[in-house]
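Q: no sequence for this one, just the structure:
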């Protein structure tokens, strides 16, 4: 069951702060902690996220942003901060900003 904060939004409208907050909320949900207890600079493994949760997070991100990601994205960018930066860069590259076809 998806929570309300997992509703898709337009990728170009996702700000760094919003995306970081959304990721933080998802991680808190997975590890059953309060969002305030999730440090965006700590590695995801600090919270006990294993490969199953990493794949689940990847799927949630794909659904939320409409992106196709490598399944190793959470291991390649092991903190919420690093993952946010990577996703922002990916969104910027996927944006049709200068191209129309």
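A: Cool, got the structure. Please read all numbers here as calculations on a predicted model, not as lab measurements.
Q: So, low pLDDT: which residues of the chain?
A: 1-14, 96-101 (pLDDT under 70).
Q: Can you report how many residues lie near residue 41?
A: Residue 41 has 9 neighbouring residues, counting by other CB atoms under 10 Å. C-betas here are computed from N, CA, C, even on glycine.
Q: My read is that it contacts residue 78, right?
A: No: in this structure, residue 41 is not within contact of residue 78 by CB atoms under 8 Å, at 10.5 Å.
Q: all helices for the protein, in order.
A: Assigned helices in the chain, in chain order: 16-31, 51-65, 73-76, 80-94 (criterion: DSSP state H).
Q: Can I get these in JSON lines including mean neighbour count and distance to residue 37?
A: Below are the helices of the chain laid out as JSON lines (neighbours: other CB atoms under 10 Å; distance: least, CB to CB, whole Å):
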{"stretch": "helix 16-31", "mean neighbour count": "18", "distance to residue 37": "7"}
{"stretch": "helix 51-65", "mean neighbour count": "16", "distance to residue 37": "16"}
{"stretch": "helix 73-76", "mean neighbour count": "18", "distance to residue 37": "19"}
{"stretch": "helix 80-94", "mean neighbour count": "17", "distance to residue 37": "13"}
